[in-house]
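Novice: Fold the following.
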Amino acid sequence: MESLLNIGLIGLDTSHVLHFSKLLNDKSHEYHVPGGRVTVAFPGGSPDFELSHTRVEGYTAQLRDELGVRIVASPEEVAEACDAIMLESVDGRVHLEQFRAIAPLRKPVFIDKPLTVRLDEAQEIAALAKQYGIPVMSSSALRFAEGMKEAQSKQELGDIIGADCFGPMAIQPTQPGYFWYGIHSIEMLFALLGGGCAELTARANDDHDLITAVWQDGRIGTVRGNRKGNNKFGGTVHRQKASHFIDVYANPKPYYASLLESVIRLFQTGKPDVSLEETLEIIRFIEAANESRSTGKTVRLG
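Specialist: Below you'll find the model as predicted:
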């Protein structure tokens, strides 16, 4: 039998830790992901972020009491006790500090979205990963939704010439602008169009946001967000022969399971499905979109 990887969690302030742990640890789960088991975790939590500190105690208790996960007092203890790490802290501001603590132990790391909320911090994570030879990946689960994979596969309709993605766009004061929920739809756009955005313009009012981005080859992509109660993600892919809708809910397989399969591949092979180079471009895109949102001006990225 193939040996299971011991996986450690850092940051127990998001429902993702329960989703991932159940998918890994419960072999009877309909969408069980084989290859690893969550065995150790550090709670963390940000006292100035309500959606962080109010969740830590409950998720910690569930992981400890229902799934048998050992709770430890520091990120370093997690890294010492496991084969691979999922850095799950919901507050992107703490990711660099936590990654600095574990990098010297050279364990492969998945960092849940956002990688960071500042480009310079994202670049430092990339530099540390290179220095210590650590495989690192960061991504939104929406990129791996089965509906996204289906949309990407329709090559018989020709090349992708543009895309429009949409989703909820909640804003949190501690997570600048689009780093909180905007990153999901932005990740979907990059999954479809790839890197190479040249410029963008963001417009917003109390209820809606619209980012219009032009790629270096002339393709145009948009991200539409709302705060009016419609919490669904989706999009439209424009190809040479036809346009088609992206239904991320058509397949019953949860996108958390599809993402987790990619994470296990990272841990097993050391090769990320989403490169850090692309993730750095996404962080730069979000910073530029935040700048345009506040100034009303078009921002060039390269």
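
Novice: So what's the residue count around Lys241?
Specialist: Neighbour count of Lys241, defined by other Cβ atoms under 10 Å: 11. Heads up, the C-betas are built off the backbone N, CA and C, glycines and all.

Novice: What helix or strand is it located in?
Specialist: Under the criterion DSSP states H and E, no helix or strand holds Lys241.

Novice: Pull the contacting residues for it.
Specialist: Taking Cβ atoms under 8 Å, 6 or more residues apart in numbering as the criterion, Lys241 is in contact with 156-158.

Novice: can you tell me how far it sits from Trp215?
Specialist: Lys241 sits 20 Å away from Trp215, going by Cβ to Cβ, to the nearest Å.

Novice: Next: Gln98.
Specialist: Using Cβ to Cβ, Gln98 is found at 33 Å from Trp215.

Novice: So between these two, which is more surrounded?
Specialist: Gln98 (25 against 18).

Novice: Settle this for me: that one is touching Glu76, isn't it.
Specialist: No. Taking contacts as Cβ atoms under 8 Å, Gln98 lies outside contact range of Glu76: 9.8 Å.

Novice: What segments of the stretch 151-300 of the chain are strands?
Specialist: Assigned strands in the stretch 151-300 of the chain, in chain order: 160-168, 197-204, 208-215, 220-226, 234-239, 243-246, 299-300 (criterion: DSSP state E, counting those that start in this stretch).

Novice: Can you redo the contacts of Lys241 as JSON lines, where the extra columns are neighbour count and pLDDT?
Specialist: As requested, those are arranged in JSON lines below (neighbours: other Cβ atoms under 10 Å; pLDDT from 0 to 100):
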{"residue": "Glu156", "neighbour count": "8", "pLDDT": "96"}
{"residue": "Leu157", "neighbour count": "14", "pLDDT": "97"}
{"residue": "Gly158", "neighbour count": "12", "pLDDT": "98"}
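
Novice: strand partners of the helix or strand hosting Val40, parallel vs antiparallel please.
Specialist: Val40 is part of strand 36-42 when elements are defined by DSSP H and E. Next to strand 36-42 in the sheet, as set by DSSP bridges, lie strand 5-10 (parallel), strand 70-71 (parallel).

Novice: can you give me how far the last one is from the chain middle?
Specialist: Yep, that's strand 70-71 we're talking about. Distance, stretch centre to chain centre, for strand 70-71: 25 Å (Cα atoms, centre = their mean, to the nearest Å).

Novice: contacting residues for the nearest residue to Glu146 once chain neighbours are set aside?
Specialist: Sequence neighbours aside, Asn251 is the residue nearest to Glu146 in space, at 3.6 Å (criterion: Cβ to Cβ, 6 or more residues apart in numbering). For Asn251, the contact set (Cβ under 8 Å, 6+ apart) comprises 145-147, 150.

Novice: So which of those residues belong to helices?
Specialist: 146-147, 150 (DSSP state H).
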